[in-house]
Structures are given as C-alpha cells and as structure tokens.
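Trainee: let's see this in three dimensions:
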Amino acid sequence: MAVLDTFIVLVAAPAIQADLHASAADIQLILAGYQLTYALALITGARLGDRFGRKRLFLLGMALFTLSSVGCALAPGAGSLIAARLVQGLSAAAMFPQVFAVIQVLIPAEKRPTAFGALGAVIGMATMAGQLVGGVLIAADLFGSTWRPVFWVNVPIGVVTLLLAWLFVPESRAPQARRLDLPGAVVLTVALFLLVVPLVEGRSSGWPPWTWLSLAACLPAFAAFGLVERRVDTAGGAPLVRLGLLRERSFAVGMALVLLTYAGINSFFLILSLTLQDGLGRDALGAGLVYTPLAVAFFAASLLAGRLARYGRRVLQLGALTGLVGFLGTVALAVHSGAGLTAWELTPALVLVGVGNGLLVTPLLNAVLGTVGPAEVGMASGVLSTGQQIGGAVGVAVVGILYYGALGGAGHHDTAAYGHALAAAVGLNVVLSAAVSALLPFLSAGGARRA
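Mentor: Numbering: from 1, shown residues only. From the prediction side, this is the model:
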C-alpha cells in the first residue's frame, strides 16, 4: 500500500486539481507531502519497532494509513487532502521498515531469499499497478466520484492486512532495546528535511535560491547528527544510527548500490510516464497498459531470483546487465524512430528493464540486510528504506533537469522532441546501471549468497 499510493495518486493528480480547484502548489504538496513525511520518519519508525515491537508498530502504522486514506477520500478541499497525505506518509514510515526487519529476523536464512523475492514481486506489482489501477478508477468515474476511489481502494486492503498480520505475524523486538535517541531523531529529521524538500520541490519550482541553500545546509546538519550519535554511543546509550555500521565496507557498498539502483528506477518511471502521456498522447489508462509487460517481467524475475540465490552476486550482475541492455534499447529506439516512435515499440526494452530490476532489486535488499546482526536489523532496515527514498529523489531531480533541458520549448504530442528527450534522460539510467555493475564485485560475497 505504501508503494501503491505513491504512483496511484500521481495518475489521479489532474482529476484532483480539476475537482478541488487546487493550485499547482497544492497539487505539488499533495504529491510530495506524502514522500516527504515518509522519508523523514523511516529510521525513527524502524527504531520504534525495535523498542516497542515490530508487529505492534506495523499494526499501528497500517491502522493509521487506512484511516488517513478515508480522510483523503472524504477531503472537501486541497488543504484537508494535504493534511491527510502527510499523515499517510508518517504511517507508512511506521509500518514499512518493519516488513524488512520481520523477514530478516523471523524467517530462516535458507527461506529468506524466497521471502524477499515474493516481497519484491509484490512491491514491483504495486509500483506498476498504481499506474494501471489509477487509470482504470479515474476512467470508470464510479458514482461520479472521479478521483476519490484511488484512496477508497486502500481501505479493504488495509482491513484485510490488519487482520492477517494480527493473526499470523509473531511479535519481535531487538534484544535489549533501549529508549529512543530523541536528540538524534530530531537532528536527523532536520537534516533529511533540508535534503529531501529541495529534491522533491526543486524541479517543479524552477530551482530557486532557497533550494540550493537548503542543500548546502543539509551538510552541516548531517555532520551535527554524526556528532550527536557519537556522543550517545560514547555515553553507552543506543544511537538512532550506529555510525560504525555506515563505515563497514559490506554495508556501505550495499547502500551505495541501493542509492544508485533506486535513482535509476524512480527516474525511469517518471520520464516514461511523461513521454507516454505528454509526448505520445496516451491517457492515464493507456499509459498504465504500456507498463503491463514491464510489471509482469519484474514480477516473474523477482520470484525467480529467490530460487537462484545460491549463485550469489552472479544473479545481481545478470540483473544489472539485463537492465543496462534494456535502457540502451530504449535509447536506441527513441533515437532511431524519431517522430514515428510508438508506445508498443518500447515493449521489448521495457521487458528487459523489468527482468533486470527483478533479478537485482530484491536480492540486493536481502544482501544488504544480510550483512548485519539481529540486534541491528531494525536500524539497518530504516537506513535502507531511507536510502531508497533519497536515491529515488536524487534520480528524479537529476533526470528532470536532463529531460526538460532536452525537451526545450516543445509542445505536447511533439513525438520527435519527446523521443529525443527520452533518449537524453535514459542516458542517466545507462550510466547508473553501468555504475551498479562495476560496483557489484565489491559487495560482500557472503551477503550476496544469502540473497
């Protein structure tokens, strides 16, 4: 649900703007507010799960997410919708890192790759389903409710998930969990705020001076966080993030791979959606249908990756190279076809991108978490989830500059111009995939085998 909601609301944005008479700034906050509070609270949410129980935090987060979805669906205006979306982000941050931690702690090592493969398949399908389901619900206009069903759909899913988790998920917490590092949580929240807000808002607002000042200010803020955590650790307390974890080569390399991978995934989805809808004239439903082959490929490859875990890093390397070929194919098609580019011409390349990411993403997450012990798996899950969000935000910010720079002043449905912009922007994905492939040999072999 946390992933589905990111993409389904993106599709619904035009209908929301028309129905609520929302300004462009309102729509930006409706879209970005969720991502902002989600990214800010992930590490704190993970550590709260360590202390008070991961099942308890998951149930609390899921209940709040379901209730805030009702608030979104009933919102009478843009302001109330923005407020409900902020609560959605916080509740998602409470529940999502618990999933990684529970899998790592409660599932035996030999079954963990299959569990992560299934999780990756679900996440991948949620990413793609957001595009398709959102398009279907908007087109159906059930009972004249236009965009509101994209939030109502969360309610039955949330209720069923709450019931299943309550009945079948055992409780777990970190051994000797101590009280939350409140000073660290506050300083980290400020540092992440200074980093994430300009990345999320910068492109749409034209990168005004405040965005660059905020990015510059995040550096001393993160340095201050490091000092606070070192002081807590020296005093024998429980830091929000143990700095030694970030210095361990296996975890550091894994986090670098996560940042690069999610920068590529999120940026590709953005520019593909823009090209399909603005350049090729597809509506939300039509664009979602084009994603279907990619979604099916990702789902199948994620499940297969769990069965291939014994091959270790070679599976991840195969995924990175397959995705690289898919991105190169996208660039070649966009350049070659020019004004004749069609959505379905992209299908073979999209299938390769789906297979590549399916073989790479979930084994990578398992490999990174496999480098830490049970006492730190909650902390590592929070850091990992935050890395996914930061990587995605950086990728979207950079690719937006490349895409709109190449597009220039072209109007909607100028296929040749949008094809050129697609080729220029996907060049970033090519570079990122090549960097992932080059960095994979430095990933801990033990962690990769456990993937």
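Trainee: let me know the distance separating the nearest residue to F268 once chain neighbours are set aside from V398.
Mentor: Closest residue in space to F268, ignoring its immediate chain neighbours: N429 at 5.3 Å, by Cβ to Cβ, 6 or more residues apart in numbering. Quick note: C-beta positions are derived from backbone N, CA and C, even for glycine. Distance, N429 to V398, by Cβ to Cβ, to the nearest Å: 11 Å.
Trainee: report pLDDT for the closest residue to T261 other than its chain neighbours.
Mentor: What sits nearest to T261 in space, not counting adjacent residues and going by Cβ to Cβ, 6+ apart, is V436, at 5.9 Å. On the pLDDT scale, V436 is placed at 95.
Trainee: repeat that for V159.
Mentor: We have a pLDDT of 96 for V159.
Trainee: the residue nearest to T261 contacts A320, correct?
Mentor: Yes. Contact criterion Cβ atoms under 8 Å: V436 and A320 qualify, at 4.7 Å.
Trainee: output the below-cut-off pLDDT ranges for the stretch 1-150 of the chain.
Mentor: Applying pLDDT under 70 to the stretch 1-150 of the chain flags the ranges 1-2, 127-128.
Trainee: now the strands for it?
Mentor: Using DSSP state E, counting those that start in this stretch, the stretch 1-150 of the chain contains no strands.
Trainee: what comes up buried for stretch 324-334?
Mentor: Across stretch 324-334, burial judged by 16 or more other Cβ atoms under 10 Å covers L324, V325, G326, F327, L328, G329, T330, V331, L333, A334.
Trainee: from those residues, which ones fall inside helices?
Mentor: Among the buried residues of stretch 324-334, the residues falling in helices (DSSP state H) are L324, V325, G326, F327, L328, G329, T330, V331, L333, A334.
Trainee: show me how far stretch 214-229 is from its chain's centre.
Mentor: How far stretch 214-229 lies from its chain's middle: 23 Å, per Cα atoms, centre = their mean, to the nearest Å.
Trainee: surely D278 is in contact with G419?
Mentor: No. Under the criterion of Cβ under 8 Å, D278 is not in contact with G419, lying 11.9 Å apart.
Trainee: neighbour-wise, which of these two wins?
Mentor: Each of D278 and G419 has its neighbours counted (other Cβ atoms under 10 Å); G419 has more, 22 against 18.
Trainee: sec struct for that one, please.
Mentor: Three-state call for G419 (DSSP: H, G, I helix; E, B strand; the rest coil): helix.
Trainee: isn't V430 right next to F327, touching?
Mentor: Yes. Between V430 and F327 there is a contact under Cβ under 8 Å: 4.8 Å.
Trainee: for the stretch 351-451 of the chain, give me the ranges with low pLDDT.
Mentor: 410-413, 445-451.
Trainee: which parts of it are helices?
Mentor: Using DSSP state H, counting those that start in this stretch, the helices of the stretch 351-451 of the chain run over 377-407, 415-439, 445-450.
Trainee: isn't Q28 right up against R203?
Mentor: No. Here Q28 lies out of contact with R203, judged by Cβ under 8 Å, at a distance of 10.0 Å.
Trainee: what is the burial count for D141?
Mentor: 12.
Trainee: any idea how far it lies from W147?
Mentor: Shown here: D141 relative to W147, a distance of 9 Å by Cβ to Cβ.
Trainee: got it, and T342?
Mentor: 29 Å.
Trainee: got it, and S91?
Mentor: To W147, S91 is 20 Å away according to Cβ to Cβ.
Trainee: ok, P198 next?
Mentor: Using Cβ to Cβ, we find P198 at a distance of 28 Å from W147.
Trainee: cool, V296 as well?
Mentor: 27 Å.
Trainee: and those two? Which one has more around it.
Mentor: Using other Cβ under 10 Å as the criterion, V296 and W147 rank with W147 on top: 25 against 17.
Trainee: so what does the residue of the chain most remote from its centre have for phi and psi?
Mentor: Most distant from the centre of the chain: A235, at 35.1 Å, with distances by Cα atoms, centre = their mean. The phi/psi pair for A235 (degrees, to the nearest 10) reads phi -80, psi 0.
Trainee: wait, F52 sits on R173?
Mentor: Yes. Using Cβ under 8 Å, F52 makes contact with R173 at a distance of 7.1 Å.
Trainee: neighbour count winner among the two?
Mentor: The neighbour comparison of F52 against R173 (other Cβ under 10 Å) goes to R173, with 18 against 15.
Trainee: now the more buried one: which helix or strand?
Mentor: Taking DSSP states H and E as the definition, one finds R173 inside no helix or strand.
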